[in-house]
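# here is a sequence with its predicted model. Questions after.
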Amino acid sequence: MATPDPTKIIHAPGELVLTPTDLTDTVAAGGTLLGVVAEIIFRPNLLRRDLTAEEFGSEVLDIVEAGEQAVLAVLLRSFDGDAVSTVFKETSTGSGTGDTGIDYPGTLRAGTLGSARGVKLLFLPDSSDEVPAILLYNAIPLVAETAEVQLEMDSELTIPAIFHAARDGTGRVYQFKKMEDMVL
């Protein structure tokens, strides 16, 4: 076991990047910057099934690993047009301002598959030499179910978003490691 080192405690501010193309590019990894992340939580959501034995009072004898349902939850610190059009399903560009806004329900219909809106997404930490990055190969964007966009004097306007990690065309789901070890 390693010796505890308080200097290795990680704080991970960073940015969210849509469709990264070059991990060596220090400006948004060659993709589109969606904004600065105020909060980020990555949940691998490991699935398992317990194998129990009735003859022993239903105690667990073994565990079957059943995959993952990885989710990246973020709080974006801006109402950026690229972020809004990625996270929200129905958007339009304002005729006067040219800014992106939300139009619900638009053409959205129940039963629409979210995978049609899947994007490659990268959490790019400010200190990519020290902090691991997260790359989702086919991230399905959603507004958090319990989303609250606060419009108050003492609160930032943020976009609460969730990205479900799904397999891409080659079967890849995600990477969670330092940038220099990643492969697009």
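Perfect, thanks for sending it.
# name all residues that make contact with the residue most central in space within the chain.
What sits nearest the mean C-alpha location of the chain, by C-alpha atoms, centre = their mean, is Leu72, with 3.3 Å. Counting by C-beta atoms under 8 Å, 6 or more residues apart in numbering, Leu72 makes contact with 40-43, 121, 123, 134, 136, 139, 162-163, 165. Heads up, the C-betas are built off the backbone N, CA and C, glycines and all.
# for Leu61, state which of the residues you listed is nearest.
Closest to Leu61 out of the contacts of Leu72 is Arg43 (27.4 Å), distances taken as C-beta to C-beta.
# picking up where we left off before, distance of the residue nearest to the centre of the chain from Phe123?
7 Å (C-beta to C-beta, to the nearest Å).
# now the common contact residues for these two.
Counting by C-beta under 8 Å, 6+ apart, the common neighbours of Leu72 and Phe123 are 40, 42, 134.
# please name the bridge partners of the nearest residue to the last one once chain neighbours are set aside.
Using C-beta to C-beta, 6 or more residues apart in numbering and skipping the chain neighbours, the partner closest in space to Ile134 is Phe123 (4.2 Å). Beta-bridge pairing for Phe123 (DSSP bridges): Leu16, Ile134.
# for Arg49, pull up the helix or strand it's in.
Under the criterion of DSSP states H and E, Arg49 resides in strand 46-53.
# any idea how far that strand is from the chain center?
From the chain centre to the centre of strand 46-53 is a distance of 27 Å (C-alpha atoms, centre = their mean, to the nearest Å).
# name the SS class of the residue nearest to the centre of the chain, please.
When classified by DSSP: H, G, I helix; E, B strand; the rest coil, Leu72 comes out as strand.
# what pairs with it across the strands?
Beta bridges link Leu72 to Phe42, Phe163, judged by DSSP bridges.
# packing partners for the strand holding Arg49?
Strand 46-53 sits against strand 59-68, with contacts defined as 3 or more C-beta pairs under 8 Å, 6 or more residues apart in numbering; DSSP states H and E.
# not counting the strand it packs on itself, show me its contacts.
Applying C-beta under 8 Å, 6+ apart, the contact partners of strand 59-68 are 44-53, 165, 173.
# and those residues, which is closest to Val27?
Once C-beta to C-beta is applied, the member of these that ends up nearest Val27 is Ala165, at 24.9 Å.
# hey, where'd the strands end up in this structure?
14-18, 32-43, 46-53, 59-68, 71-76, 91-93, 100-102, 119-125, 133-143, 159-166, 174-177 (DSSP state E).
# so which bits of the second one are buried?
Across strand 32-43, burial judged by 16 or more other C-beta atoms under 10 Å covers 32-37, 40, 42.
# please apply the same query to the fifth one.
For strand 71-76, burial by neighbour count (16+ other C-beta under 10 Å) applies to 71-72, 74-76.
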